[in-house]
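Student: dropping the sequence and predicted coords here.
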Amino acid sequence: MKKLITLIILFFQIAIAVAQPKLSSLPSAKATLFLDFDGQYVQGTTWNGGKSFYCEPSGLTEAQITEVFHRVSEDYRPFNINITTDSSVYLAAPLNQRMRIIVTPTSDWYKNVGGVSFTRSFTWGDGTPAFVFPDRLAWSAKNVAECCSHEGGHTLGLSHQARYNENCTLVTTYNEGIGSGEIGWAPVMGNSYGRNVSGWNNGPTPSGCTADQDNLSIITGINGFTYREDDHSNDPQNAPTKIILSNDKFDNPGIITTNSDKDAFELDLTQPGRLVLNARPFSVGPNNEGANLDIQITLLNSNYETIKVYNPSYTLSASIDTGLSQGKYFVILEGSGSANFSNYGSLGSYSISGSFTADIVMPVSLLQLKGNSHGGSHQLSWDIVCDEKLSNQELQASYNGRDFGAIASLGGNDRTYNFTPNQPGDVYYRLKVTTASGQSSFSNIIVLKQTEIVKQVNVSSMVRNNQLQIAAAQPYTYMLADMNGKILKKGNSGAGYSVINMSNSPNGIYVIQITCNSQRIIERIVKL
């Protein structure tokens with residue numbers, strides 16, 4: 001019976017290994033960072049006191065593994081290094097230009113951490129791996145990815161990024177960043193679990209408040225690889241990439257590899273019309289989840305003079321929606337800083353897409369949409385000048401700026417409408433009007449933020465009287481963990497006010513993950 005059970009376990013482990021997706025971010029690169037999810041026998045290293053031991057498979061689903069791969073790939077996108085889940089790619093890489101990161105719940109041998117690695121071990125050439133422990137990271141794909149990038153950074157020579165106060169006193173060894181929502185930021189080598197943007201940083205280490213660590217120079221200076229090859233000209237006057245319209249639409253990808261990199265595009269218009277261009281960083285979900293690049297767009301005329309700079313402060317994306325006359329134009333895309341971070345680590349991949357609609361004689365000469373947010377509702381209004389009677393007005397909305405759907409069909413005399421979105425984040429609006437002769441026109445696009453829905457769950461940031469207080473508008477499930485990823489409590493609760501008893505937990509910082517009405521919320525809390 002014991003042999004049968006062993007065979008069943010072995011078969012199960014092999015089945016898991018076979019199920020792992022084989023993904024590579026830059027197959028042409030020699031330098032390789034291997035994310036190993038399917039279990040590994042570790043021997044011949046100094047880990048575990050030099051004893052050989054078996055690491056179980058990660059326990060993550062294929063979807064989670066794919067998300068981890070994409071998040072880590074985006075963190076390392078600026079560099080000439082291949083992030084892979086394929087062991088054969090790792091084994092073919094040069095010995096002194098590769099690193100295996102084993103993602104495993106086999107963590108008892110190394111206590112109280114979410115991951116562990118040796119600094120500068122990427123070039124050792126002896127097969128010494130790094131480790132990430134998903135059981136201590138709440139089994140969260142985001143947390144596992146952040147830890148993989150962090151431990152990978154150690155192997156490439158990076159120390160932690162610390163935070164000091166104005167008196168140069170150490171506040172925390174792990175800089176937890178600043179801000180919230182889409183533009184919330186933390187350094188990769190700090191504590192980035194609770195922020196959307198995780199970037200490479202030039203800042204102090206635990207060695208001192210003036211001991212700044214230039215992440216980018218270290219990564220590209222001591223490991224045998226540098227930045228990946230630039231994909232677009234920086235100069236609009238020197239071979240810019242031409243935007244080709246296909247059925248009046250276009251779609252171009254790109255990568256910002258350095259903080260001085262600019263990607264120049266040329267657009268030739270043979271007639272006047274309306275240009276709609278959306279530039280979005282790579283993401284793994286809505287509201288630019290997991291993106292690292294804050295985009296700025298500059299629109300130039302044929303004389304290379306700036307028409308307008310587009311760089312909204314509340315989102316990582318940028319958009320153009322404007323009328324242009326016939327002629328040549330240039331679009332310059334680059335990484336930008338935000339209220340929470342500089343352009344130092346504003347790097348990564350993006351896509352620009354959109355459309356051009358040539359002007360034709362239309363009965364509608366003015367169609368201007370306006371709006372504002374009040375509480376959880378968006379109040380929309382518009383102005384119309386039209387030579388014909390309107391037969392129909394259709395108000396449309398989109399949560400990604402590309403795919404619009406009707407939210408209201410209105411009569412010809414309506415000029416206002418209130419709408420309450422059913423999910424958080426940016427909401428894009430436009431108005432489509434149809435005249436009695438059957439001709440249709442679209443208004444400008446406006447963007448309003450929806451913040452009320454995010455607050456379906458309110459979590460106290462401070463534990464009082466050993467009780468963590470939670471107020472929720474809907475039933476929810478929760479998972480409470482310490483900063484090492486150890487799960488302390490988990491469960492579910494109904495709508496309304498509830499508390500979690502933390503009398504048996506020591507003072508410190510904790511992370512709670514709450515899932516409510518298909519939303520996932522991660523909050524940091526402090527017990528004093």
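Tutor: Great, that's in hand.

Student: where's the residue nearest to residue 331 when sequence neighbours are not counted relative to residue 300, distance?
Tutor: For residue 331, ignoring the flanking residues on the chain, the nearest one in space by C-beta to C-beta, 6 or more residues apart in numbering is residue 265 at 4.4 Å. Using the backbone N, CA and C atoms, a C-beta is placed for each residue, glycine as well. With distances taken as C-beta to C-beta, to the nearest Å, residue 265 is found 10 Å from residue 300.

Student: more neighbours, these two?
Tutor: For the pair residue 265 and residue 300, the greater number of neighbours falls to residue 265 (22 against 19), based on other C-beta atoms under 10 Å.

Student: quickly list what the more buried one is bridged to.
Tutor: Here residue 265 shows beta-bridge partners residue 241, residue 331, assigned using DSSP bridges.

Student: please report how far it lies from residue 234.
Tutor: Looking at residue 265 against residue 234, where the rule is C-beta to C-beta, the gap reads 12 Å.

Student: mind listing the helices for this protein?
Tutor: Assigned by DSSP state H, the helices in the chain fall at 2-19, 62-75, 87-92, 141-155, 215-221.

Student: for residue 528, which of these is the nearest?
Tutor: Taking C-beta to C-beta, helix 141-155 is the member of these nearest to residue 528, at 24.2 Å.

Student: where does the stretch 1-150 of the chain have low pLDDT?
Tutor: Applying pLDDT under 70 to the stretch 1-150 of the chain picks out residues 1-19.

Student: so who does residue 158 touch?
Tutor: The contact partners of residue 158, by C-beta atoms under 8 Å, 6 or more residues apart in numbering, come to 119, 189, 213, 215, 218, 219.

Student: and for the closest residue to it other than its chain neighbours, the neighbour number?
Tutor: For residue 158, ignoring the flanking residues on the chain, the nearest one in space by C-beta to C-beta, 6+ apart is residue 189 at 5.1 Å. For residue 189, the number of neighbouring residues by other C-beta under 10 Å comes to 24.

Student: try residue 117
Tutor: 23.

Student: residue 255 is nearest to which of the helices of the chain?
Tutor: In terms of C-beta to C-beta, the element of these nearest to residue 255 is helix 62-75, at 10.0 Å.

Student: now tabulate the helices of the chain in JSON lines and tack on mean neighbour count and distance to residue 50.
Tutor: As requested, those are arranged in JSON lines below (neighbours: other C-beta atoms under 10 Å; distance: least, C-beta to C-beta, whole Å):
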{"stretch": "helix 2-19", "mean neighbour count": "11", "distance to residue 50": "24"}
{"stretch": "helix 62-75", "mean neighbour count": "22", "distance to residue 50": "29"}
{"stretch": "helix 87-92", "mean neighbour count": "14", "distance to residue 50": "23"}
{"stretch": "helix 141-155", "mean neighbour count": "26", "distance to residue 50": "19"}
{"stretch": "helix 215-221", "mean neighbour count": "18", "distance to residue 50": "29"}
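
Student: out of these, which gets nearest to residue 107?
Tutor: Each of those was scored for nearness to residue 107 using C-beta to C-beta, and the closest is helix 141-155 (11.8 Å).

Student: just the C-alphas of that closest one, formatted as CSV.
Tutor: What follows is helix 141-155 as a C-alpha-only set of coordinates in CSV (Å, rounded to 0.1, in the frame of the first residue of the first chain):
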residue,chain,number,x,y,z
ALA,A,141,-0.3,35.5,-7.8
LYS,A,142,0.6,39.2,-7.3
ASN,A,143,2.5,38.5,-4.1
VAL,A,144,4.4,35.6,-5.6
ALA,A,145,5.3,37.7,-8.6
GLU,A,146,6.5,40.6,-6.5
CYS,A,147,8.6,38.2,-4.4
CYS,A,148,10.1,36.6,-7.6
SER,A,149,11.1,39.9,-9.0
HIS,A,150,12.5,41.0,-5.6
GLU,A,151,14.6,37.8,-5.1
GLY,A,152,15.7,37.9,-8.7
GLY,A,153,16.9,41.5,-8.0
HIS,A,154,19.0,40.2,-5.1
THR,A,155,20.7,37.6,-7.3
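
Student: and for it, what's in contact with it?
Tutor: Outside helix 141-155, the residues that touch it by C-beta under 8 Å, 6+ apart are 33, 35, 58, 60, 63-65, 67-68, 71-72, 75-76, 99, 101, 103, 114-122, 130-132, 134, 137, 188-189, 192-193, 198, 215, 219, 290, 485, 522.

Student: and the angle from that helix to helix 62-75?
Tutor: Angle of helix 141-155 versus helix 62-75, following axes from the mean of the first three to the mean of the last three C-alpha atoms, to 10 degrees, is 40 degrees.

Student: how far off centre is helix 141-155?
Tutor: 14 Å (C-alpha atoms, centre = their mean, to the nearest Å).

Student: show the pLDDT at residue 443.
Tutor: In this prediction, residue 443 carries a pLDDT score of 88.

Student: now residue 465
Tutor: Looking at residue 465, the pLDDT reads 72.

Student: wait, the residue nearest to residue 158 touches residue 202, no?
Tutor: No. Shown here, residue 189 and residue 202 do not form a contact pair, counting by C-beta atoms under 8 Å, at 10.9 Å.

Student: need the residues touching each of the two.
Tutor: Residues touching both residue 189 and residue 202 by C-beta under 8 Å, 6+ apart: 213, 215.

Student: what count of nearby residues applies to the residue lying closest to residue 329 once chain neighbours are set aside?
Tutor: If you skip the residues right next to it in sequence, residue 329 has residue 267 as its closest partner in space, 4.7 Å away by C-beta to C-beta, 6+ apart. Applying the criterion other C-beta under 10 Å, we find 21 residues in the vicinity of residue 267.

Student: ok, now which ones touch residue 267?
Tutor: 242, 243, 275, 328, 329, 330, 331, 356.

Student: cool, residue 295 as well?
Tutor: By C-beta under 8 Å, 6+ apart, residue 295 lies in contact with 279, 280, 281, 311, 316, 317, 318, 333, 334, 335, 336, 350.

Student: and stretch 155-166, what's buried?
Tutor: 155, 156, 157, 158, 159, 160, 161, 162, 163, 164 (16 or more other C-beta atoms under 10 Å).
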